[in-house]
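1. return atomic coordinates for the entry below.
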Amino acid sequence: MKKLLFASLYLFLLFLISGCQTADKKRSLSETDKGEGKVKGEQTEEPKMEPKSEGEIMAQHFIEQINEDRVLMSEEEIQNYNQAVMNRSKFMYHLDSFHVLTKKEVQNYINSYSFPKLPQYNGTKKITSSTVQKILDNRNLNAIPDKVEVKKGIIVRHTNLRSFPTTVESRTSKDSIVDNLQESELLVNVPVLIIHESLDQEWYFVISLAYYGWVEKKDIVLVTDEEYQYFTEPNDFVIVTEATVNVEGVNLDMSVRLPLIREGKDDYIVALPTKNEEGIFKAKTVALPKTNSHLGYLPYTKENVYRQAFKYLGTKYIWGSKEGGIDCSSFVANVYRTFGFSFPRNTSHQKESLMRKTSLIGKTNSEKLWILQQDYPCLAYEDGHVVIYLGVLDGKHYIIHAVSDTMDVTVMNLEECYHLRRLDSVIVVE
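-> Coordinates of the predicted model:
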């Protein structure tokens, strides 16, 4: 055991001193702005646990530096914070306010996306103008009625939110890692409003809390008002706390929230939204191990921010969080959603909507570092990118973020990175 711990610490120190691999690389793609029994409301202190994984060991080093475990905000305060963010943001949607939309309103949502200018590549092949036209026609705009009755749905498996109803990828070059038609991810049990269907009847256009776009119909189930309320506003619920957990073939990502049925000795019995072969809603009873989940939201403490962030360590960076990966803004949103926060999707939307923001514009690097270390962990933004500032360890400033430079969630020495000079604001989420 001692040998294992020593080896882990040794790897940790090697990792930290490595810093950024390139000081002035070409601007990373993750910096482009396109880039969630105890009764609900209660918060309890977490038992101290011995770190086991590399991420847990690294998180523990930062936790020991702060030596603080007070609850920063209660659940009621977090709910009030969310409401204030909703009121400030133009890019978060009160789903309860949608009932009937006009034809023009639906058209405006769909037409807010424009297809990238050719040439574009789907894999190694150029996308032809005829392919583009077929994709555009699949939006089925002529079929939109004068009045659109909004339907309620729930996501039944991790899915992609697309700007157009197609699985065709659109990249600016054969080697690009960015699919320009990928907007975001939607996690299991996320509520959506369905306002239109594609011509091939394989896609729905949906509005979610923080974004809208096209989702494959196979990943959504239509629900009644009662089913919608039970799954999206449960009295007692369980939160997934690992980066991802596979339960009976379904990938549940960090911050997925499921209604609690009962508590077992080693697991929680929860209700999982599914659909049968006929596409009809079905609630399935499954077990979530207590080691991967928590009854209610996690207490919002600095310790828990570190623990949750480091659970993503090494997770693959993928634009728009496709294929089991994650991007910078989703990384931050998922971590903070385990405490009950609701953030806008994109970095620019987060930056303009979240509160307790301090501008770093015009500041020297030394001034930026001084501001950052006044209250951390905190969120630090540059144009199109967000990082979690971890604090100071052995005299060095560190960040953790999902970045395309290394193609994963990684820790970097901020003073050795080009990110420091680009940071323009810092947000303390309190």
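
2. residues near the nearest residue to Arg88 once chain neighbours are set aside, how many?
-> Counting by C-beta to C-beta, 6 or more residues apart in numbering, the nearest residue to Arg88 once its immediate chain neighbours are dropped is Ser353, at 4.8 Å. C-betas here are computed from N, CA, C, even on glycine. Ser353 is flanked by 20 other residues according to other C-beta atoms under 10 Å.

3. what sits against Ser353?
-> Neighbouring residues of Ser353 by C-beta atoms under 8 Å, 6 or more residues apart in numbering: 85, 88-89, 91-92, 343-344.

4. point out where this structure drops to low pLDDT.
-> For the chain, applying pLDDT under 70 flags the ranges 1-51.

5. for the spatially most central residue of it, give me phi and psi.
-> Taking C-alpha atoms, centre = their mean as the criterion, Ser330 is the residue nearest the geometric centre of the chain, at 2.6 Å. Main-chain dihedrals, Ser330, degrees, to the nearest 10: phi -70, psi -40.

6. spatially, which two of the contacts of Ser353 are the most separated?
-> Arg88 and Phe343 (11.9 Å; C-beta to C-beta).

7. more crowded one of the two?
-> Phe343 (28 against 13).

8. what's the more buried one in contact with, if anything?
-> Counting by C-beta under 8 Å, 6+ apart, Phe343 has contacts 36, 85, 210, 329, 332-333, 336-337, 350, 353-354.

9. which one of the residues you listed sits closest to Met254?
-> Arg337 (7.7 Å).

10. what's the burial count for that closest one?
-> By other C-beta under 10 Å, the residues close to Arg337 number 23.

11. if I look at it, how far off is Tyr300?
-> Per C-beta to C-beta, to the nearest Å, Arg337 is found 11 Å from Tyr300.

12. then Ser114?
-> According to C-beta to C-beta, Ser114 stands 39 Å off from Tyr300.

13. between these two, tell me which one has more neighbours.
-> Between Ser114 and Tyr300, counted using other C-beta under 10 Å, the more crowded position is Tyr300 (24 against 9).

14. and the strands in the stretch 1-150 of the chain?
-> Ranges of strands within the stretch 1-150 of the chain are 100-102, 121-122, 125-126, 147-149, based on DSSP state E, counting those that start in this stretch.

15. can you lay out those strands as JSON lines showing distance to Arg262 and mean neighbour count?
-> Shown next, in JSON lines, are the strands of the stretch 1-150 of the chain (distance: least, C-beta to C-beta, whole Å; neighbours: other C-beta atoms under 10 Å):
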{"stretch": "strand 100-102", "distance to Arg262": "39", "mean neighbour count": "14"}
{"stretch": "strand 121-122", "distance to Arg262": "48", "mean neighbour count": "18"}
{"stretch": "strand 125-126", "distance to Arg262": "52", "mean neighbour count": "10"}
{"stretch": "strand 147-149", "distance to Arg262": "37", "mean neighbour count": "13"}
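
16. with distance to Ala243 as extra columns, can I get the ones you listed in CSV?
-> Output for these, formatted as CSV (distance: least, C-beta to C-beta, whole Å):
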stretch, distance to Ala243
strand 100-102, 36
strand 121-122, 29
strand 125-126, 33
strand 147-149, 37
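
17. which of these sits closest to Thr291?
-> Distance to Thr291, taken as C-beta to C-beta, is lowest for strand 121-122 among those, at 40.9 Å.

18. need the contact list for Thr124.
-> For Thr124, the contact set (C-beta under 8 Å, 6+ apart) comprises Lys174.

19. give me phi/psi at Val256?
-> Main-chain dihedrals, Val256, degrees, to the nearest 10: phi -60, psi 130.

20. that one and Thr244, how far apart?
-> According to C-beta to C-beta, Val256 stands 9 Å off from Thr244.

21. these two - which one has more neighbours?
-> Between Val256 and Thr244, counted using other C-beta under 10 Å, the more crowded position is Val256 (30 against 17).

22. the closest residue to the more buried one other than its chain neighbours: neighbouring residues, count only.
-> Spatially, and ignoring its direct neighbours in sequence, Val256 is nearest to Val240 (4.4 Å; C-beta to C-beta, 6+ apart). Neighbours of Val240 under the rule other C-beta under 10 Å: 26.

23. what about Ser184, which SS state?
-> Under DSSP: H, G, I helix; E, B strand; the rest coil, Ser184 falls in the strand class.

24. beta partners of it?
-> Beta-bridge partners for Ser184, by DSSP bridges, are Leu161.

25. check Glu149 too.
-> Beta-bridge partners for Glu149, by DSSP bridges, are Val100.

26. quick check, it in contact with Val100.
-> Yes: if you go by C-beta atoms under 8 Å, Glu149 and Val100 touch, sitting 6.0 Å apart.

27. how about the residue nearest to the centre of the chain, nearest residue that isn't a chain neighbour?
-> Excluding its sequence neighbours, the residue lying closest to Ser330 (C-beta to C-beta, 6+ apart) is Ser321, at 4.6 Å.
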